[in-house]
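Undergrad: below are the sequence and a predicted model for it; my questions follow.
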Amino acid sequence: MEKYAQLLADLAEAGGLGEEWRGAFERAPRSAFVPDTVWALDEDAPTGYRRITRADEPDEWWALVNANGVVVTQVDDGIEGGPGVATSSASMPSLVADMLRHLDVRDGHTVLDVGTGTGWTSALLCARLGDDQVTTVEVDAAVAAEAAVRLGAAGFSPKRVVGDGLAGWSYAAPYDRIHSTAAVRRVPCAWIEQTRPGGVIVTPWGTPYANAGLLRLVVGEPGEPSHGRFVGNVSFMWMRDQRPHPVTGPANTPDYQGPSSMDPDLALEDVNAAFAIGLRVPGVRYEHVWDEADPSGTYRMQLSDSAGSWASVRYARWDGEGAVHQSGPRRLWDEIASARLWWLEEGKPDLCRFGVAIGIDGAQSVWLDDPGNALP
Ligand SMILES: C[S@@+](CC[C@H](N)C(=O)[O-])C[C@H]1O[C@@H](n2cnc3c(N)ncnc32)[C@H](O)[C@@H]1O
């Protein structure tokens, strides 16, 4: 507990935890919500994660829980033998404080908290606003059940819903605020409909290429669009129904093979560039592949959309023959290279220069600097 107090003091000193939220963080310590079994990154584990239990490795458990880092609490939706994808967690404390600051709640506000997870953020909201003001929704029944136990034991009782948070929870609407801790690719219409005009939605927002934005959206007056800006760089696990497609490898002989016009390192070297590229190459996702026999010589970025186009680019000798393979209706690597050129021409905009508009028909568009400058 002492370490948690130190963590809060550090966050406060760095300006990341204001007085408004300090009391809530003290009354709802993260350790009261983290389950006894957590997962730590471990390069040597086959899935990349090692299971840690509070009973067997208390020092490791406490060190994770009281650090300013994410604590993974579920992998692969709780299904044994999966590839090792984090699917639930207690988010990084400094990030939680940041998101709550952007939420800008006032006494008396009602909040829908999407992605209950461990229950920690809903407890913080209850501590700040009161139990009756908070509704929290979690899609995973086992995760929700564990959170219910911990919330009860810690003395918090938000309205708890097990269901798809993309549909919001209309029975307690309208809300003054919606706070989501799972990333969306599109802001659901239900969230707009269930938020009061002038109300605020704070959610991680990303593209399959770069899951990197924190969006703060202000809901429009009836009949008016809603607008918001990206206010930070975050990376959250996806909302279940908005998870991007798996990257597919070469399914056929490439119909283009040749050198690359761009060093592939530049496609990811800067988070702002990656975010901008993701906006310009809709539906494209990547992963890295290599041949164990010659990792550095064969290291490639593999890209695919979900409609039959794929590309692959080699990092070593990227301007040499056979560095790029492409196939399908779209030339995905060419799209990435021209999207980066566009980012350079626009003056390397930081991701906080982008924003989102949501029309009354639910159509979502992204703009640069002001809503009149929508991206194609
Ligand atoms: C980063 S964790 C949430 C952290 C949580 N707020 C906390 O304080 O521990 C994201 C959670 O969102 C949940 N989730 C994913 N898709 C969802 C959906 N469609 N509706 C509701 N919850 C969802 C996941 O199961 C996971 O528990």
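TA: Arrived safely, thanks for sending. Residues are numbered from 1 along each chain as shown.

Undergrad: switch to C-alpha atoms for all contacts and neighbour counts from now on
TA: Noted.

Undergrad: tell me, how many neighbours does A307 end up with?
TA: If you count neighbours by other C-alpha atoms under 10 Å, A307 ends up with 11.

Undergrad: name the element it belongs to?
TA: No secondary structure element spans A307, as it lies outside all helices and strands (assigned by DSSP states H and E).

Undergrad: backbone dihedrals for it, please?
TA: The main-chain torsion angles of A307 are listed as degrees, to the nearest 10 and equal phi -130, psi 30.

Undergrad: please apply the same query to the one 3 residues further on.
TA: With angles defined as degrees, to the nearest 10, W310 shows backbone torsions of phi -150, psi 160.

Undergrad: so what pairs up with the closest residue to it other than its chain neighbours in the strands?
TA: Closest residue in space to W310, ignoring its immediate chain neighbours: S304 at 4.2 Å, by C-alpha to C-alpha, 6 or more residues apart in numbering. When assigned by DSSP bridges, S304 has beta-bridge partners R285, W310.

Undergrad: please tell me how far S304 sits from R330.
TA: Distance of S304 to R330, computed by C-alpha to C-alpha, to the nearest Å: 10 Å.

Undergrad: same thing with A55?
TA: 52 Å.

Undergrad: then S261?
TA: Applying C-alpha to C-alpha, one obtains 17 Å for the distance of S261 from R330.

Undergrad: between A55 and R330, which one's more packed in?
TA: The residue with the greater number of neighbours, taking A55 and R330 and applying other C-alpha under 10 Å, is R330; the counts read 16 against 10.

Undergrad: hang on, that one in a helix?
TA: No. Read with DSSP: H, G, I helix; E, B strand; the rest coil, R330 is coil and lies in no helix.

Undergrad: which residues are in contact with it?
TA: Residues in contact with R330 (C-alpha atoms under 8 Å, 6 or more residues apart in numbering) are 309-310.

Undergrad: per-residue pLDDT, it?
TA: Here, the pLDDT recorded for R330 equals 96.

Undergrad: phi and psi next, for it.
TA: Residue torsions, per degrees, to the nearest 10, at R330 are phi -110, psi 150.

Undergrad: cool, and P83?
TA: In terms of degrees, to the nearest 10, the main-chain angles of P83 are phi -80, psi -10.

Undergrad: centroid-nearest residue for this structure?
TA: The centroid of the chain falls nearest to F236 when counting by C-alpha atoms, centre = their mean (2.3 Å).

Undergrad: check contacts around that one.
TA: Contact partners of F236, counting by C-alpha under 8 Å, 6+ apart, are 181-183, 204, 211-212.

Undergrad: same thing but at 10 Å, please
TA: In this structure, F236 makes contact with 86-89, 91, 180-184, 203-206, 211-214, judged by C-alpha atoms under 10 Å, 6 or more residues apart in numbering.

Undergrad: so which of those are in strands?
TA: Using DSSP state E, the subset of those located in strands is 86-89, 180, 203-205, 213-214.

Undergrad: need the residues you listed in a markdown table with pLDDT and neighbour count, can you?
TA: Shown next, in a markdown table, are the ones in strands among the contacts of F236 (pLDDT from 0 to 100; neighbours: other C-alpha atoms under 10 Å):
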| residue | pLDDT | neighbour count |
| --- | --- | --- |
| A86 | 95 | 19 |
| T87 | 97 | 20 |
| S88 | 97 | 25 |
| S89 | 98 | 25 |
| S180 | 98 | 25 |
| T203 | 98 | 25 |
| P204 | 98 | 29 |
| W205 | 98 | 25 |
| G213 | 97 | 28 |
| L214 | 98 | 24 |
